[in-house]
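Peer 1: Kindly generate the corresponding structure for this input.
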Amino acid sequence: MNDHPEVASSEPRPGRSPALVVWAMMAAGAVLMVLAAVGVAAVVLGDRPSEYRVVIPAGTGRQIDAGQPVELIPTDLRLKVGTTFVVRNDDDRTHEVGPFAVRAGEELVHRFDRAGVYQGACTVHPGGQVTITVT
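Peer 2: The predicted structure is shown next:
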């Protein structure tokens, strides 16, 4: 039986340099900080709602009048429930994007809260129609 309790000592143990121990502790701390940062980023990014943004540039109406193809949105757009659909109209006339009309100089912000199929005319696509499918 050992009658002498272990006493903490600043003396290095054989085979372990103090510098190596300090380096290992710093490395472990750095790894923990990186893992914590990644975890926080995952929570923040995971909770951030998605957004689909369309910008109708100035002069789009003149392009259409001149017969130039304008394709600012796909014919079949697929979004997830919870996505915010944003259309900013920088042109000098109203444009239709599916079931939405966006007046000149205005911005439409619509959050899709439930699944569905939304169809309508589209003045910013050569086909003249758009289908927005929300799943």
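
Peer 1: per-residue confidence at V38?
Peer 2: For V38, the model assigns a pLDDT of 46.

Peer 1: what's the distance between Q129 and D76?
Peer 2: Separation of Q129 from D76 (C-beta to C-beta, to the nearest Å) stands at 10 Å. The way it works is simple: take the backbone N, C-alpha and C, and place the C-beta from them, glycine included.

Peer 1: whoops, P69 was the one
Peer 2: In this structure, P69 and D76 are 18 Å apart, going by C-beta to C-beta.

Peer 1: Next, count neighbours for K80.
Peer 2: 12 (other C-beta atoms under 10 Å).

Peer 1: What does it show for phi and psi?
Peer 2: Reported as degrees, to the nearest 10, the phi and psi values for K80 are phi -100, psi 150.

Peer 1: what about P69 and D76, which has more around it?
Peer 2: Of the pair P69 and D76, D76 is the one with more neighbours under other C-beta under 10 Å, namely 11 against 8.

Peer 1: Outline the domain layout of this structure.
Peer 2: With automatic domain parsing as the criterion, the domains of the chain are listed as 16-48, 51-134.

Peer 1: which of the ones you listed has the lowest average pLDDT?
Peer 2: Taking the average pLDDT of each of the domains of the chain, the minimum falls on domain 16-48, with a mean of 53.

Peer 1: What segments of the protein are strands?
Peer 2: Counting by DSSP state E, the segments of the chain that form strands are 51-56, 76-79, 84-89, 95-97, 100-102, 107-111, 116-121, 129-134.

Peer 1: With distance to R62 as extra columns, can I get the ones you listed in TSV?
Peer 2: Compiled in TSV, those are given as follows (distance: least, C-beta to C-beta, whole Å):
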stretch	distance to R62
strand 51-56	12
strand 76-79	25
strand 84-89	14
strand 95-97	13
strand 100-102	17
strand 107-111	21
strand 116-121	19
strand 129-134	21
